[in-house]
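S.K.: could you look at this predicted model? Sequence included:
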There are 4 protein chains.
Amino acid sequence: MLHTLLIDCSDRKGLIYTITQIVFRNNLNIISNDEFVDRLRNYFFLRAELSGEVNPQALVQELHEALPPEANIKLVPERKKDIVILVTKEHHCIGDLLLRYEYGDLNANIKAVIGNYQELETLVTRFNIPFHHISHENKTREEHDREIAATVNAYAPEYIVLAKYMRVLSSGFVEQYPNRIINIHHSFLPAFIGANPYKQAFERGVKVIGATAHFVNNELDEGPIIAQNVIQVNHAQSARDMAQSGRDVEKIVLAQALKLVFSEKVFVSDNKTIIF
Amino acid sequence: MLHTLLIDCSDRKGLIYTITQIVFRNNLNIISNDEFVDRLRNYFFLRAELSGEVNPQALVQELHEALPPEANIKLVPERKKDIVILVTKEHHCIGDLLLRYEYGDLNANIKAVIGNYQELETLVTRFNIPFHHISHENKTREEHDREIAATVNAYAPEYIVLAKYMRVLSSGFVEQYPNRIINIHHSFLPAFIGANPYKQAFERGVKVIGATAHFVNNELDEGPIIAQNVIQVNHAQSARDMAQSGRDVEKIVLAQALKLVFSEKVFVSDNKTIIF
Amino acid sequence: MLHTLLIDCSDRKGLIYTITQIVFRNNLNIISNDEFVDRLRNYFFLRAELSGEVNPQALVQELHEALPPEANIKLVPERKKDIVILVTKEHHCIGDLLLRYEYGDLNANIKAVIGNYQELETLVTRFNIPFHHISHENKTREEHDREIAATVNAYAPEYIVLAKYMRVLSSGFVEQYPNRIINIHHSFLPAFIGANPYKQAFERGVKVIGATAHFVNNELDEGPIIAQNVIQVNHAQSARDMAQSGRDVEKIVLAQALKLVFSEKVFVSDNKTIIF
Amino acid sequence: MLHTLLIDCSDRKGLIYTITQIVFRNNLNIISNDEFVDRLRNYFFLRAELSGEVNPQALVQELHEALPPEANIKLVPERKKDIVILVTKEHHCIGDLLLRYEYGDLNANIKAVIGNYQELETLVTRFNIPFHHISHENKTREEHDREIAATVNAYAPEYIVLAKYMRVLSSGFVEQYPNRIINIHHSFLPAFIGANPYKQAFERGVKVIGATAHFVNNELDEGPIIAQNVIQVNHAQSARDMAQSGRDVEKIVLAQALKLVFSEKVFVSDNKTIIF
């Protein structure tokens, strides 16, 4: 069976040697191995794919004893992640994810989709996935988010994906899922933070527009960036045309980011991502 | 001989017909022809390349009589533009422009280069172009800019190119050359306005960095954008690495923008560019 | 109502004037207008969007009388194109087109999908579109293509889209639909013509892979190219990984090409495309 | 002092452990570490940057004793590479390299430039680099290449860069410098192998053109690819316009490839490159 070993701790001499020695002693094969040292913070990151019979608790225990006490050590078996997706009305990101899921390209199980509008129910249920309509009308943000959290938590997902969910989540909600909520923002952050980025881009007369997938934290559009991409636009495009062109970038960037996260290739550190 | 005809005015029915009739009557051939109508402002733009014997004053006069009174009409003979370039210490943009100039790829005559430091004098003079060192030390911004203006004006350039000139020009200077000063900004505007954009980009942890060529107006980094492009970066790059990667984007984007402007392919309208 | 006027003929002085005069006389408004002259062949192309009340036959007749006798003149009312899609087993292109269709982003009506395997029937019928399974087993290529043609023709489509249809069409079939069959090829043509391009790309060790949307003619993979795009790959990717990465490029390039064709923005000339 | 350790050998369990143990025992710090295993060939590649006092011979000896006998082991001190550049008449690649060299961005010392024409002598000598004009006229390819080799060898370069050297080198010459000659080819290989790729691209009507930097071996344009990139083109561009657009891609791709090679980041294996 395959496992991914993820370690981060402050850097010191001999870390790779120490870790690979333990892996070798446990008779495991290193299929791939990546390290990165953040020189500014003197901090070490390692991701290794291991094959062979392993006793996870014992291995992690052995590593903990050999590494600095504050080291973060995770050993993750290879399997699809359970996720819940939040949507509003736009179809392009959720549609793309549903297709990837249906054909085994997503590396995740979509346990449910939650929408604050009903528009996408038909599409979602065609793919035999539960859709929950949780309207935000006549509710405070906190009330609404509590309802969503109750539904989300019933599925015990590892990640929550905001596939064009157009509301700001309350800090109470966000704090429950640190580095576990992934959003697609329809601009090349940090340009055009906030609402209506395509309109802002049109008004500024930019020649390139983009999309950004990032983890959500409590600063709006300020979480760690996972993936970004852009396309060229021109003066002949209206704000609406730009939004249409932008949709293809959004869906591809979101899918790229999810692939990275679900493959355990992303460390979050100091509001940035380390991507192996 | 080739001429480029540039017309903009409020839109109305029959404009193209009216214009091409006059062109036809003057026995000129339309080599290429582009139009654009800004629907939001109901405003018309036309660029046509004409071949044949032409009496420029007469043709422009005839067009003025047939078109709305506020129409802007320019007939520009095909020839290289005279330019003056301002630099500070960085070599990559000026070096690239000198090479293009030397081999006839710039569509411009570099009349002189002005630096607020002396660092680039050796490079510039190797290409047999006058270099003027005008230090900003112990001068107010206005005094310094007046000195630069005096030197610039002696060359009567059509355009001033800021090839990594790292000082903000005074509004008095900028107003003398409306839509005739072109700057390369080392970020994907409007992200990272102001100083040290690569440091800002590094700190934000972006996955894409870019460069923006724009006309200079009195709002810092807010002038009409001519060209933009980007490259992918990653967590392993320091702010200095990003700056190094960014240099190639900067020099290519600046050269692209100049090619467009010097070929009379750029209209400025409402703080945006229309590019044919 | 909006119409698109498409004219191509050998070039001569006064063409734009002649055409816009007739348009003006018919009291039509030119919303947009693009021309291109192929200097090597001395050949003229014009595309104009017209608004206003028009008698199509009369306008075309009037234009024919004023233009060179061999001129091609088309006046196309603005409406969605009827199309039939051919597939084999891969889902990513057809899935993407179904989603765009469902949400009105395709500018076409998908009348039916025909597959030489049954795999995609479930997906297609979820979107309420007829799926015809026409197996190629125990049939000659000509017999199979005649069956497909019979089914296609019953829908009288304007275009046939090959969304990863993995068989070569017989020349008899292709000739029935000149410049009306659009294919997505999973390589950056003309590199890796023929079967298994990702395997070829992997074996050659390329650093960039791409996709090409083109009209189909009787030379395999040699028809006029409509759109192309690429992504970076690296040594760590297997041929299978490259194919997976390539799928996103394929679906986006196919959609871009269809958008151009269905908006009447593509002229075919001399085995190339002119794209406005 | 910094050293780069490069090891490749057939894969087996414990390699990283064995290597990092020896590194640790020698009291060296691993600044960065990358591994790759080619699963198809069961072959292992490692690149590590080491800091600290090292006895190179002893370290390599110790590694040889611990690793499979056929292992390739190199320990390269951090320093600029000595190179000789071959040119013909085109200025854009050599000009770009001269500028990078002048400002310390090339990570190499240009010992000399050799041209089969005299055109670039003025440019090269401005940068205080020897230029040798070795005409090919009235010589067989072998005679000409022997003359070049004599001049090249006098400089004992580690790499030879073909910066738009437009002649095919004889196999006798190529075999002297295995994986040490780097060429920039003006197409997206393997499309448009051979002469005049921009003309071929124009005639095929492609929408994207590219450039490829590769090691030279005895099959024309078939050596291991180091870097590739592309730009969009359109129907309005002549073959000459495409060549002009292509020049910027060529010079940037060549510089990227050289940066990778000169930083010891490129393994050649089985006619492909592994790039860390």
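M.R.: Alright, I've got the coordinates.
S.K.: which bits of the stretch 151-276 of chain A sit near chain B?
M.R.: Neighbours of chain B within the stretch 151-276 of chain A, by Cβ under 8 Å from any Cβ of the partner chain: A:188-192, A:204-208, A:210, A:224-230, A:234-236, A:238, A:271-275. C-betas here are computed from N, CA, C, even on glycine.
S.K.: skipping its backbone neighbours, what lies nearest the residue nearest the centre of chain A in space?
M.R.: Most central residue of chain A, judged by C-alpha distance to the mean C-alpha position with Cα atoms, centre = their mean, is A:Ile182 at 4.0 Å. Taking Cβ to Cβ, 6 or more residues apart in numbering or on different chains as the measure, A:Ile182 lies nearest to A:Val161, with 5.3 Å between them; neighbours along the chain are not counted.
S.K.: what's the burial count for the closest residue to A:Leu189 other than its chain neighbours?
M.R.: Of all residues beyond its chain neighbours, the one nearest A:Leu189 is A:Thr212 (4.2 Å), with distances taken as Cβ to Cβ, 6+ apart. Burial measure for A:Thr212: 31 neighbouring residues, criterion other Cβ atoms under 10 Å in any protein chain shown.
S.K.: for A:Gln61, same thing?
M.R.: Neighbours of A:Gln61 (other Cβ under 10 Å): 12.
S.K.: pLDDT value on it, please?
M.R.: The per-residue pLDDT reported for A:Gln61 equals 97.
S.K.: do you know how far it is from A:Ile225?
M.R.: Here the distance between A:Gln61 and A:Ile225 works out to 34 Å (Cβ to Cβ, to the nearest Å).
S.K.: go on, A:Phe44?
M.R.: 22 Å.
S.K.: ok, A:Thr88 next?
M.R.: 22 Å.
S.K.: from what I see, A:Ala149 and A:Phe173 are in contact.
M.R.: Yes. In terms of Cβ atoms under 8 Å, A:Ala149 counts as a neighbour of A:Phe173; the distance is 5.8 Å.
S.K.: give me the more crowded residue out of those two.
M.R.: With other Cβ under 10 Å as the criterion, A:Ala149 and A:Phe173 differ in neighbour count, and A:Phe173 comes out ahead with 21 against 17.
S.K.: and the more buried one, how far is that from B:Glu119?
M.R.: In terms of Cβ to Cβ, A:Phe173 sits 54 Å off from B:Glu119.
S.K.: does A:Gly115 touch A:His91 like I think?
M.R.: No. If you go by Cβ under 8 Å, A:Gly115 and A:His91 don't touch, sitting 10.9 Å apart.
S.K.: could I get the contacting residues of the closest residue to chain D within the stretch 151-276 of chain A?
M.R.: Ranking the residues of the stretch 151-276 of chain A by distance to chain D (Cβ to the nearest Cβ) places A:Gln232 first, at 8.0 Å. If a contact means Cβ atoms under 8 Å, 6 or more residues apart in numbering or on different chains, then A:Gln232 has A:Lys207, A:Val208 as its contacts.
S.K.: now with 6 Å, please.
M.R.: Contacts of A:Gln232 were listed using Cβ atoms under 6 Å, 6 or more residues apart in numbering or on different chains, and they are A:Val208.
S.K.: how about A:Lys207?
M.R.: Residues in contact with A:Lys207 (Cβ under 6 Å, 6+ apart) are B:Ile225, B:Ala227, B:Gln228.
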